[in-house]
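Q: Pasting a predicted model and its sequence here:
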Amino acid sequence: MGRISDETLNAMRQSIVDGAPDTASDLARRAIAAGVEPLEAINDGFVPGMHAVGEQFARGQMFLPDMMASAEAMRAAMAVLDPELKKQGADRPVAGTVVLGTTKGDIHEIGKTLVGTLLAAHGFRVHDLGVDVSAEQFASKARELNADIVGVSALLTTTMRNQRGVVEALVKAGLRSQTKVMVGGAPVTRQWAEEIGADGYAKDAMTAVALARSLMEQKPVPEPA
Amino acid sequence: MKPHFQLLEKELIERILGEAFQLIENPGVRVAPYVFDLLREAGIAVKDGVARIPEPLARSLLARVPREFYLYDRKGNRAVHYGGNDVHFDPGSSCLNILDAESWQPRPAVSSDLVRLVQVVEMLPQFAAQSTAVVCNDVPAEIGDWYRLLLVLWHSEKPVVTGAFSASSLHVLLELLAIESGGREALRNKPRAVFDVCPSPPLNWSEFASQNLVDLARAGVPAEIVSMPLAGATAPVTLAGSVTQHAAECLSGIVIHQLAHPGAPIVWGGAPAIFDMRSGRTPMGAIETAMLDVACAEVGKYLGLPTHAYLVAGDGRVIDAQVEMESGISAVLGALAGINMISGAGMLDFLACHSIEKLVIDAEAIASAQRLIEGIEARGDSLALAAFAQTGLQGDFLKLKETRALFRKEQHFPSAVIDRGLHASDTTALDILQRARQRVEELLASYQRHPLAPEREEEMLAFAQREGKKAGLEGLPGIPTLEYARETGLIQ
């Protein structure tokens, strides 16, 4: 296996910061052709790019459209590298499994999709249930995927109430102890999250990534079988 | 001359409409099964849930929309004129939270909050209409929409800007209004309420929204399209692009509505906003949001239609300089644009919180805007010559008869919410929040409820109790005689 030059690692990082999917996938392909370990390209090349993007966003130097482009570049790189990892019988370590959706009665997509894109770019396995999702659908998908986190979005004050139902459905399904719940959306507040017994609230997509990471840290490490 | 603010040139409006007519044909508009047959019977192709509306048909239906209509107060007087450049204001709608005036923290709103809010609005002439402003968290969620309307109808005589939360509950709201008006026909003849109906951006009339449009048209109760493109997220990032999408959503809504009942009243309205590219939020107080509102209304006006917009809201979390700066600017712009109904006063925190204290402050901004659009008038034969002929260079204008006769017409006198130096000493000077709180209490103290005719009052209560019981509600919170019905044994 070849080692990647610092120059290439920098180019990989920069392709993510620039939000350039063609460059990112091209660099990924060339790395594979050169016999580079896919994990090394991911962890030392592309992931630092996402970290830089997150930092620049937090400083107000990057904006959401820039971030979406970076996430798209990350996806393009992973589309090349993931199959290579699988060929080796390996998987990229997953930061956590997240089931996402917009609550029942609400068809607003944008916030939830943004969160999903960024979580995926930051190494989470994301299953997006879409919009107008019932509490039962959230619970059943969480059970099926053994989800670590369920994320429930609502844009309307009237549909925000249905977030409570998702928490209740997870309790009813006996999943609450293993599944964290995070809520978001324009009318949602920290107090509301506390009131309905959710584990966290994020005011925007980048905060949602940080929240998801911290919820994963709170999760008990599974006992070895 | 009445001052008027125009943001779009005629050529740009025509271009916006030209593209909007193209959009409703290609890519078309997503519609719900409830209206498939209605559209197909008119010759509109509907495939995979997408209707492609040809421009000539849309234009012919547009020509049937009434250019003006009135909302009536409880006594049957014309109280709101939708049409021309007449400007009216009403509070923002359907908020879940209210800013607590003791702690200045948001908390879930309950019936007693809505009652206070309605009573304050009833006493403020700046608001031509009430709105079903907050959702009452002390009643079951499934009756949340009509319960707000019940409390407004009970405590107010003004027209109401309202809306249903589902397709089926619309009929409960219409029934409440019919009881109040003395029947469905009376309601059709003199509607007291207008119903907001919201398409989902981009270009999607959901089952609930489609059905509301059709059912309102058939009931003859005015509908108000509240199209909400979010520039850069659910609509093109350019303001002109978002105004075009807004126009396409309104045009397609009008097609559905007019096919259901030609000539039914409908308003070209909206709550467009920009999408903040840092926070992903939708700042209602941003100047670009106000520009979108004004521009969307200009397109409606160009078509000769009644108009609505969502302004006078601020985005800070507490009532502060930012919130009131944003609210005041947009109140002035909306008034200058001649928008028929401007909703949004009282709202803060990206429409997540309502405040009665903010409403009384906003009322002062609105009063200023209303004074502004009265413009400057030449009164009498001379402007200044006659006055100078009387006082000469002494300049003693205060003593002139003309001064006494005209100062009330020339100057607007704000309430004590606005500090005009009347309480100049340090010990009596209150800050704006204290003054607002005091004003709210004064208005509440001066409020007096005017009951409905006894038989209608009984019918309304019986209906509300029956409907409430279905959802497990006991008593009627917010209606004093029945508030504690359970405890007093009035309800078995």
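A: Right, received. Where do you want to start?
Q: Could you check which helix or strand contains B:Ala462?
A: helix B:454-470 (DSSP states H and E).
Q: is it true that B:Gln105 touches A:Arg190?
A: No: applying Cβ atoms under 8 Å, one finds B:Gln105 not in contact with A:Arg190, separated by 11.7 Å. Glycine gets a C-beta too; all of them are placed from N, C-alpha and C.
Q: rewinding a little: which positions within the helix holding B:Ala462 qualify as buried?
A: By 16 or more other Cβ atoms under 10 Å in any protein chain shown, the buried positions in helix B:454-470 come out as B:Arg456, B:Glu457, B:Glu459, B:Met460, B:Leu461, B:Phe463, B:Ala464, B:Gln465, B:Glu467, B:Gly468.
Q: the domain parsing of the chain - what is it?
A: Using chain A. Annotated domains of chain A cover A:6-87, A:96-218 [automatic domain parsing].
Q: ah, I was thinking of chain B
A: Using automatic domain parsing, chain B is parsed into the domains B:62-374, B:384-411, B:457-488.
Q: From one end of the longest one to the other, what's the distance?
A: The reference is to domain B:62-374. Chord length of domain B:62-374, first to last residue, is 31 Å (Cα to Cα, to the nearest Å).
Q: Let me see the contact set for the residue in the stretch 151-300 of chain B that chain A sits nearest to.
A: Among all residues of the stretch 151-300 of chain B, B:Met277 sits closest to chain A, at 3.9 Å; criterion: Cβ to the nearest Cβ. Taking Cβ atoms under 8 Å, 6 or more residues apart in numbering or on different chains, we find B:Met277 in contact with A:Phe63, A:Leu64, A:Pro65, B:Gly232.
Q: Report the secondary structure element holding it.
A: Using DSSP H and E, B:Met277 falls outside every helix and strand.
Q: B:Phe388: neighbour count?
A: 13 (other Cβ atoms under 10 Å in any protein chain shown).
Q: now B:Glu9
A: 10.
Q: what's the answer for B:Pro451, then?
A: Neighbour number of B:Pro451 under other Cβ under 10 Å is 8.
Q: so what pLDDT did the residue of the stretch 151-300 of chain B closest to chain A get?
A: Looking at B:Met277, its pLDDT stands at 92.
Q: Enumerate the positions of the worst-scoring helix or strand of chain A on mean pLDDT that are buried.
A: Ranked by mean pLDDT, DSSP states H and E, the weakest helix or strand in chain A is helix A:157-160, scoring a mean of 80. Residues of helix A:157-160 classed as buried by neighbour count (16+ other Cβ under 10 Å): A:Thr157, A:Thr158, A:Thr159, A:Met160.
Q: what sits up against it?
A: So helix A:157-160 is contacted by A:103-106, A:154, A:185, A:187-188, A:192, B:94-97, B:135, B:141, B:144, B:165, B:351-352 (Cβ under 8 Å, 6+ apart).
Q: which ones are touching the closest residue to B:Tyr310 other than its chain neighbours?
A: Leaving aside its sequence neighbours, B:Tyr310 sits nearest to B:Ala271 (Cβ to Cβ, 6 or more residues apart in numbering or on different chains; 3.6 Å). By Cβ under 8 Å, 6+ apart, B:Ala271 lies in contact with B:Val226, B:Ser227, B:Met228, B:Met284, B:Asp293, B:Ala309, B:Tyr310, B:Ser343, B:Gly344.
Q: Look up how far B:Ala219 lies from B:Ala271.
A: 23 Å (Cβ to Cβ, to the nearest Å).
Q: so what's the backbone phi/psi at B:Val318?
A: Per-residue torsions, B:Val318: phi -130, psi 170 (degrees, to the nearest 10).
Q: Likewise for B:Leu61?
A: Given degrees, to the nearest 10, the pair of backbone angles that B:Leu61 has is phi -70, psi -40.
Q: Quick check: residues of the stretch 1-150 of chain B near chain A?
A: B:Ser94, B:Cys95, B:Leu96, B:Asn97, B:Pro106, B:Val135, B:Ala141, B:Gly144 (Cβ under 8 Å from any Cβ of the partner chain).
Q: Now that the second one has come up, it's in contact with B:Leu351, right?
A: What that stands for is B:Cys95. Yes: taking contacts as Cβ under 8 Å, B:Cys95 lies within contact range of B:Leu351: 6.9 Å.
Q: Between those two, tell me which one has more neighbours.
A: Using other Cβ under 10 Å, the more surrounded residue of B:Cys95 and B:Leu351 is B:Cys95, with 29 against 23.
Q: Which residues are in contact with the residue nearest to the more buried one when sequence neighbours are not counted?
A: Excluding its sequence neighbours, the residue lying closest to B:Cys95 (Cβ to Cβ, 6+ apart) is B:His354, at 4.0 Å. Counting by Cβ under 8 Å, 6+ apart, B:His354 touches B:91-92, B:95, B:97-99, B:109, B:117, B:133-134, B:346-348.
Q: Per-residue confidence, B:His354, what does it come out as?
A: At B:His354, the model reports a pLDDT of 97.
Q: State the distance from it to A:Ala186.
A: From B:His354 to A:Ala186 the distance is 15 Å (Cβ to Cβ).
Q: next one: A:Ala34
A: A:Ala34 is 47 Å from A:Ala186, by Cβ to Cβ.
Q: In terms of packing, which of those two has more residues around it?
A: Neighbour tally, A:Ala34 and A:Ala186, criterion other Cβ under 10 Å: the higher count belongs to A:Ala186, 20 against 14.
Q: For the more buried one, identify the helix or strand it belongs to.
A: Per DSSP H and E, there is no helix or strand for A:Ala186.
Q: Which residue comes closest to A:Leu27 once chain neighbours are left out?
A: A:Met12 (5.1 Å).
Q: thinking the one you found is in contact with A:Gly49, fair?
A: Yes: at 6.6 Å, A:Met12 counts as touching A:Gly49 under the criterion of Cβ under 8 Å.
Q: what about the helices in chain A?
A: A:6-18, A:21-33, A:38-40, A:47-58, A:64-87, A:110-121, A:135-145, A:157-160, A:162-172, A:190-195, A:205-218 (DSSP state H).
Q: Tell me the buried residues in the fourth one?
A: Same thing as helix A:47-58. So for helix A:47-58, counting by 16+ other Cβ under 10 Å, buried means A:Val47, A:Pro48, A:Gly49, A:Met50, A:Ala52, A:Val53, A:Gly54, A:Gln56, A:Phe57.
Q: Would you confirm that the fourth one contacts A:Ser70?
A: Going back to what we said before, that points to A:Met50. Yes: counting by Cβ under 8 Å, A:Ser70 is a contact partner of A:Met50 at 6.6 Å.
Q: what sits in contact with each of the two?
A: Contacts common to A:Met50 and A:Ser70, judged by Cβ under 8 Å, 6+ apart, are A:Ile16, A:Ala121.
Q: which residues touch the lengthiest strand in chain A?
A: Ranked by residue count and defined by DSSP state E, the top strand of chain A is strand A:96-102. Outside strand A:96-102, the residues within contact range by Cβ under 8 Å, 6+ apart are A:108-109, A:112, A:115-116, A:119, A:124-133, A:137-138, A:141-142, A:145-155, A:185, A:212, A:215-216.
Q: which among those are in contact with chain B?
A: Restricting those to those near chain B - Cβ under 8 Å from any Cβ - leaves A:His108.
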